[in-house]
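Undergrad: Predicted coordinates and the sequence they were generated for:
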Amino acid sequence: ETGVTQSPTHLIKTRGQQVTLRCSSQSGHNTVSWYQQALGQGPQFIFQYYREEENGRGNFPPRFSGLQFPNYSSELNVNALELDDSALYLCASSLVGGSGETQYFGPGTRLLVL
Amino acid sequence: GESVGLHLPTLSVQEGDNSIINCAYSNSASDYFIWYKQESGKGPQFIIDIRSNMDKRQGQRVTVLLNKTVKHLSLQIAATQPGDSAVYFCAEPGGGADGLTFGKGTHLIIQP
């Protein structure tokens, strides 16, 4: 196990609702990255947080937003949920910002949008 | 489009045989590659990584080979066990803080 934890494990929402997912990074890691993984696909990078600021973003609309707290834990918020937002949401922590450091993943939150 | 891709979506091997999972990348400037294993219902698990100044790196029962000339990466698993059954992803940094770029994955199936 990596020490990265996520909550909740599963979630069901309806279209148009808002959702907040949570992640606690591995001890000693100050960077958190979020990914979306659709069924049968590889994870897609959403954004990264380093020192409480967004440090890079993938090709996701502004309704995907996040926060990082002083203890390096993080939240992913998704507004105005769409059916296509149904996926496994993964958070990964690393020692420093950037993408050249090994990222360790949590177990994910499975989101179903009806 | 994705810069990292896999040759085969499914690989079936006999228990005890060696497994080889291949990956192609398109960005010749990539300097770091990672292999992840993802079991059903779990997050990706780091297996091994390699930097571009190396051709080969070995771990416990796993070896990663990097051929920069043809932009090809492979993961070799020795003496495949039932617990090796999973989807394997290669990944590379997107550059800066752009996160990792993953391929679609290879599903490794172990036959008894």
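TA: Perfect, thanks for sending it.
Undergrad: tell me the contacts of the closest residue to residue A:52 other than its chain neighbours?
TA: Sequence neighbours aside, residue A:68 is the residue nearest to residue A:52 in space, at 4.7 Å (criterion: C-beta to C-beta, 6 or more residues apart in numbering or on different chains). (Each C-beta comes from the backbone N, C-alpha and C, glycine too.) Neighbour list for residue A:68: A:32, A:49, A:50, A:51, A:52, A:53, A:74 [criterion: C-beta atoms under 8 Å, 6 or more residues apart in numbering or on different chains].
Undergrad: after the helix or strand of chain B with the lowest mean pLDDT comes which helix or strand?
TA: Of the helices and strands making up chain B, the lowest-confidence element is strand B:4-5, at a mean of 58, by mean pLDDT, DSSP states H and E. On the C-terminal side of strand B:4-5, the nearest following helix or strand under DSSP states H and E is strand B:10-14.
Undergrad: Show residues contacting that next one.
TA: Counting by C-beta under 8 Å, 6+ apart, B:19, B:21, B:80, B:106, B:107, B:108, B:109, B:110, B:111, B:112 sit against strand B:10-14.
Undergrad: Just the pLDDT at the third one, thanks.
TA: When you say that, I think you mean residue B:80. What the model reports for residue B:80 is a pLDDT of 97.
Undergrad: picking up where we left off before, just curious, which of the contacts of residue A:68 is nearest to residue A:82?
TA: residue A:74 (22.2 Å; C-beta to C-beta).
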